[in-house]
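Undergrad: I need the structure of the sequence given here:
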Amino acid sequence: MVERKIRIFFENRGWDVVRAGASLGEADLICLKEGQCILLQVKSTKKKTLYYDGYMKSSLAGFPFFLIVDFGYGKIRALKPQKKVKTDDGQDLNSFVKIYLLPTNN
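TA: Below you'll find the model as predicted:
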């Protein structure tokens, strides 16, 4: 299951992750680390393009909201939600974590 794979990815990098699923509506995973909270919608497809109808939201309840798409064969992309997502859009997960989710300096 893709959500489980993404949850484990974040947990292995020090994030606490809660599966929200239908309870929150848009977000599948809530990720918490050092005062940061991000919300993730996780999708998967074997096609080269995913059409996403929640593309107009970049935050939910004031927290950053990202779309994670697993295109299969190790091709997972992370990005701000958009209507049409192709296999090269956004960042791979490692780059996404380094670029968008830098550790906070407390």
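Undergrad: so where's this protein uncertain?
TA: Scanning the chain for pLDDT under 70 picks out 21-25, 55-57, 100-106.
Undergrad: report the longest helix in it, please.
TA: Ranked by number of residues, the top helix in the chain under DSSP state H is helix 2-11.
Undergrad: Next, the buried residues of that helix.
TA: 2-3, 6-7, 9-10 (16 or more other CB atoms under 10 Å). C-beta coordinates here come from the backbone N, C-alpha and C atoms, glycine included.
Undergrad: got it, and stretch 68-76?
TA: Under the neighbour-count criterion of 16+ other CB under 10 Å, stretch 68-76 has 68-71, 76 buried.
Undergrad: what's the answer for stretch 33-44, then?
TA: Result for stretch 33-44 [16+ other CB under 10 Å]: buried residues 33, 38-44.
Undergrad: what ranges do the strands span in this protein?
TA: Secondary structure of the chain (DSSP state E): strands at 16-19, 29-33, 36-44, 49-51, 59-60, 63-70, 76-79, 84-86, 91-92.
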